[in-house]
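> The sequence and its predicted three-dimensional model are supplied below.
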Amino acid sequence: MRNIVYVLLLLTIIIVTACSDRKEYVIAMSQCSEDIWRDKLNDEMRAGTYLYDNVRLEVASANDDNVRQTEQINNFVNEGVDILIVAPNQMNTVTPAIENAYNKGIPVILFDRKTGSDKYTAFIGADNTKMGYTMGEYVARRLGGRGRVVEITGLKGSSPAIERHHGFISALKNFPDIKIVATGSGTWLQQSGRKAMDAILDSIGGDIDYVFAHNDRMALGARQAAEARGLAGRIKFIGIDALPGKNSGIELVRDGVLDASYIYPTRGDMVMQLAMNILEKHPYKRENLMKTALVTKDNAEVMLMQAEEMNKLNDRLDRMHDRVNMYLTQYSHQKVYLIMFVIIVVLLVVLFVAFYRSIVVKRRMREDAANAKLVFFTNVSHEFRTPLTLIADPVRRLLEADNLTTQQRSMLCLVRKNVDVMLRLVGEILDLRKIQNRKMQLSVSRFNLSEYVSQWVANFEPLADSKDVELSVDCGSETVIEADLYKVERICYNLISNAIKYNRKGGRINVKVSVEEPMAVIVVSDTGIGIPRDKIAHVFDRFFQASGENRGGTGIGLAIVKAFVELHHGEVTADGNADGGAVFTVKLPLKQPGANIVEKPELNSGELNSSVLADAPQSAGIDMMTAPADSDRKSVVVVDDNSDVKDYIVSLLSSQYDVKCASDGREGLAMCLKYMPDIVICDVMMPVMDGLEMCRRLKSETATSHIPVILLTAQTFDDQRAEGYDCGADAYITKPFSSNVLLSRVRNLLNERMKLKNIYSGIDTEEEKSSADDPDTRFVDDFRHCLKGHLSDSELNVETLAAELGLSRVQLYRKVKQITGSSPVEIIRITRLKAAEHLLRTTSKTVSEISYDVGFSSPSYFTKCFKDYFGHLPNEGRNV
Ligand code: FRU
């Protein structure tokens, strides 16, 4: 079972991890600046990641700062990113950091700008030299080969600025009449273009035809400088980038602010594709140049429209991506729920199967155990039958003798009755085995069930009477049935004897016979202790005993009932009734079709009567409970629900002790509190209150805690014995017990009490006598303490002391007498006299003063008592 659960868990882990097992790539992007060209590129990159579900893009911008870009690259390397995409701010400044990343095995893509090193994996960008060249040619064409031109370059040391410059001047070399009259340097920013232009105008004045700035932002700045001097109308400005959007390159060209621009493509999608090709080890080119195009007033409008269209498409793509993301999230949740659901279902199925299997196995084990028990008992029963018969017969013959004493006759009757009980039990076990082997057959006869049931019930009257249980029968006049009379008798005897056994004093039992065609119905209901709800289903199981109920029994009777009923093709059920007792309903078919009807049915009532009714008191028994009480004799309370055992113990003890009897723990406890016996002998398994509980209560009551308890039981296991001692029992004797052992245990315990009594008899002395843990010592201490507190009180009497100690007058008297051997009054007097003797020795008070101090109401009575106890007068030997 546990293995299956482990396999399932493993499977779950595999499934869950399989769902998310693709490696996630971290793509790091280091931008040199922050502007709309780079924002566009970043957005395109992000959109590019939509195509892959295992990519995370991290973007950092250095804000045109070489140091910061170096730091950012180093951080990415430390983080262990999977690929690094860099637009280096300047050619050489960030090169070491890039080389370091490359050397550490991180693929490096340079885009837009280059380094001075060849330690990179791939480059992607536009051909800046070609762009510069194209712009040179454009200017020359527009000027018709003659004119004055100014160049404003991008950030010094950045590769696009270097390459664009080279391209531009090499194109103009072909036009000797075109002069580059001034060159300024910017930082790619609009303001830097304006500043550079201002400086040029300051130095060469406004005689300029064209200004080529390396990007549109600087071209616009330069134009603003010219505008400020009223020169904007005559000078033309061109730039690079041609970005779409408000106030960007294409719009400036369309509106005539710039004369031309050149598309410097961002194409983040291509950069992303290249990165993925490298990561996923797909083929890729090391140098990747993007296509570009010149934008002039002629194509600007179209370009803008295209760009707008592109924007819209991109927006839609973004929205779609968001939606797809949402669906994917939902889908992945649903997938997890589905997997969990499947796992739970599988687990439930496995649990159910395991549970079912365990029930089947348990049932089989129970059946095997019951079978093994039955086989064992059957073997034992076979062995028992002969010796039992050999006991029964001689006993019967002995009983026929005339010269037996009453006690001998009573004992022999007891033996005969119990041999009969054992023979019946042995017979039942053999019957059970027969039934199991399908060898039991019906011997069907036709008879009046009502008549027989009435008769059987009548047979139980003496037993019911002895238990103070009222038996009633309600059978109608005639119920003719075809059945096995002997087995029906056994069914009824078992049910009625159970109803009596598990009833309470003053309880009722009703046996009813009726007809519900085609069945005869026998109902036995009682007002007894009932059957716990959860046990009802098992009462007919072989060897079943309701645990904790102390019901006794072998667990065979009801199994026989069921088997016999089923042999008749009838049914039997057990239930509870409104009074809390049990109801057994037997339904037997009125007819047994095809059965051979026997004329003269056999009955076994004789044997059944003497065994089933074994609990009835013996008429021949001596009335030992009423044996005359002798005040000097020790008293014993015997508590047992089995009247035979009880009678037997009484017969053993009654010659030496006063014996009182009770049938259950509650009755026993009440008897002990009332009579304060010298010793208690008590069975453990009893209805109403068991012996352990009774013992526990006796030992926890101050009045009775000193009384020795002998537990008498059939339970032989050590832990049960330990439980008995835990309850405070003084001795534990297992059944079958030897009468000698029981008698000597009783004697010993009473002698031990005597010894203690001798110890405690000096109660009035100052020293402690024994351990304070001992309840008797504690009691004696309390008694002494109480006594001393009242010593000078002449009114002090036994009632006052008893009330203070929480006992009745009689209980105090008996307890003190049993523990110390003296009555409380004697102890009070002796304690007073001893205190007086102490005062006479140690003080100079007069005799009469001392007599009042120790609680005597008259000095003359004190003097008399003193003389009686000490043998001399109080003043004798005193120096007063
Ligand atoms: C954007 C930008 C562009 C220019 C490019 C050169 O940051 O300045 O305007 O064309 O960089 O790398």
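Perfect, thanks for sending it. This is a predicted model, so every value here is computed, not measured.

> Which helix or strand contains whichever residue of the stretch 1-150 of the chain sits closest to the ligand?
The nearest approach of the stretch 1-150 of the chain to the ligand comes at W37, 3.9 Å away (Cβ to the nearest ligand atom). Bear in mind the C-beta positions are built from the backbone N, C-alpha and C, glycine included. Using DSSP states H and E, W37 sits within helix 36-49.

> which parts of the stretch 1-150 of the chain sit against the ligand?
S33, D35, W37, R38, D112, R113 (Cβ under 6 Å from any ligand atom).

> let's see it at 8 Å
Counting by Cβ under 8 Å from any ligand atom, the positions of the stretch 1-150 of the chain adjacent to the ligand are C32, S33, D35, W37, R38, A87, D112, R113, N128.

> wait, doesn't the second one sit right on A62?
Translated: S33. Yes - using Cβ atoms under 8 Å, S33 makes contact with A62 at a distance of 7.3 Å.

> out of the two, which sits in the busier spot?
A62 (23 against 19; other Cβ atoms under 10 Å).

> So the residue lying closest to the more buried one once chain neighbours are set aside versus L57, what's the distance?
Nearest residue to A62, sequence neighbours excluded (Cβ to Cβ, 6 or more residues apart in numbering): Q69, at 3.4 Å. Counting by Cβ to Cβ, to the nearest Å, the gap from Q69 to L57 is 18 Å.

> Could you do T115 as well?
22 Å.

> Which one's more surrounded, those two?
T115 (24 against 18).

> Contacts only, for that one.
P88, M91, N92, V94, T95, I98, E99, S159 (Cβ atoms under 8 Å, 6 or more residues apart in numbering).

> and the nearest residue to E470 once chain neighbours are set aside, what is it in contact with?
Nearest residue to E470, sequence neighbours excluded (Cβ to Cβ, 6+ apart): R508, at 4.6 Å. With contact set as Cβ under 8 Å, 6+ apart, R508 has these partners: V469, E470, L471, S472, D526, T527, D579.

> Can you tell me which of these end up in strands?
Among these, the ones falling in strands (DSSP state E) are E470, L471, S472, D526.

> was I right about the second one contacting N459?
This means L471. No - counting by Cβ under 8 Å, L471 sits too far from N459 to count as a contact (10.1 Å).

> Look at these two and report which has more neighbours.
Between L471 and N459, counted using other Cβ under 10 Å, the more crowded position is L471 (21 against 16).

> Take the contacts of T115 and write them to JSON lines, including pLDDT and neighbour count.
What follows is those, written out as JSON lines (pLDDT from 0 to 100; neighbours: other Cβ atoms under 10 Å):
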{"residue": "P88", "pLDDT": "96", "neighbour count": "29"}
{"residue": "M91", "pLDDT": "89", "neighbour count": "18"}
{"residue": "N92", "pLDDT": "88", "neighbour count": "12"}
{"residue": "V94", "pLDDT": "93", "neighbour count": "26"}
{"residue": "T95", "pLDDT": "95", "neighbour count": "18"}
{"residue": "I98", "pLDDT": "96", "neighbour count": "24"}
{"residue": "E99", "pLDDT": "96", "neighbour count": "16"}
{"residue": "S159", "pLDDT": "95", "neighbour count": "23"}
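
> Between those, which sits nearest L669?
Each of the contacts of T115 was checked against L669 using Cβ to Cβ; the closest is I98, at 98.7 Å.

> tell me which strands and helices the host helix or strand of the closest one is in contact with?
Following DSSP H and E, one finds I98 within helix 95-103. The helices and strands touching helix 95-103, judged by 3 or more Cβ pairs under 8 Å, 6 or more residues apart in numbering; DSSP states H and E, are helix 66-79, strand 83-86, strand 108-111.

> which of those is buried the deepest?
strand 83-86 (a mean of 26; mean count of other Cβ atoms under 10 Å).

> Only the C-alpha atoms, please, for that one, written as PDB.
The C-alpha trace of strand 83-86 is given here as PDB (Å, rounded to 0.1, in the frame of the first residue of the first chain):
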ATOM      1  CA  ILE A  83      23.500  35.500 -23.800                       C
ATOM      2  CA  LEU A  84      24.600  39.200 -23.800                       C
ATOM      3  CA  ILE A  85      23.400  41.700 -26.400                       C
ATOM      4  CA  VAL A  86      25.400  45.000 -26.300                       C
END
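
> follow-up on the earlier one: with respect to the ligand, which of the ones in strands among the contacts of R508 is nearest?
Closest to the ligand, out of all of those and judged by Cβ to the nearest ligand atom, is D526, at 103.5 Å.
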